[in-house]
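Asker: build me a model:
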Amino acid sequence: MWNACAAMLRDELKPYGSKVRLARYLGIPKQRLTDYLKGQRRMPDAEAALQMLNWLAQKRAGRDLTSAIDRKSTRLNSSHANISYA
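Answerer: Numbering: from 1, shown residues only. I've put the predicted structure just below:
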């Protein structure tokens, strides 16, 4: 079953930057996502697999789950503009 899911994900991850956005959504390094998709060294746990399938379904429905994450990280970074170094 995972092989079929990985094949569908690989098709959706062809556009530039898609793999990075999915890795951010999952909260994992991009290399780990690459390892999951190659299936050589690692396989995702059940929670990560379900998150990937949810991302895939949302992406195919035209919704982008990663835009909310990017806005949040930008907002957090902008709130720390005045950091003093000792």
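Asker: tell me the contacts of residue 26?
Answerer: Shown in contact with residue 26 (Cβ atoms under 8 Å, 6 or more residues apart in numbering): 33, 48, 51-52, 55. (C-beta placed from N, C-alpha, C; glycine too.)
Asker: can you list which of these are found in helices?
Answerer: 33, 48, 51-52, 55 (DSSP state H).
Asker: now the most centrally placed residue in the chain. Nearest residue, chain neighbours left out?
Answerer: Nearest to the mean C-alpha position of the chain, by Cα atoms, centre = their mean, lies residue 22 at 1.7 Å. Spatial nearest neighbour of residue 22, chain neighbours left out: residue 55 (5.8 Å); criterion: Cβ to Cβ, 6 or more residues apart in numbering.
Asker: thought the one you found was touching residue 24?
Answerer: No. Residue 55 is not in contact with residue 24 according to Cβ atoms under 8 Å; the separation is 10.6 Å.
Asker: thinking again about what came up before, just the contacts of residue 26 now: which is nearest residue 63?
Answerer: Ranked by distance to residue 63 (Cβ to Cβ), the contacts of residue 26 are led by residue 55 at 9.8 Å.
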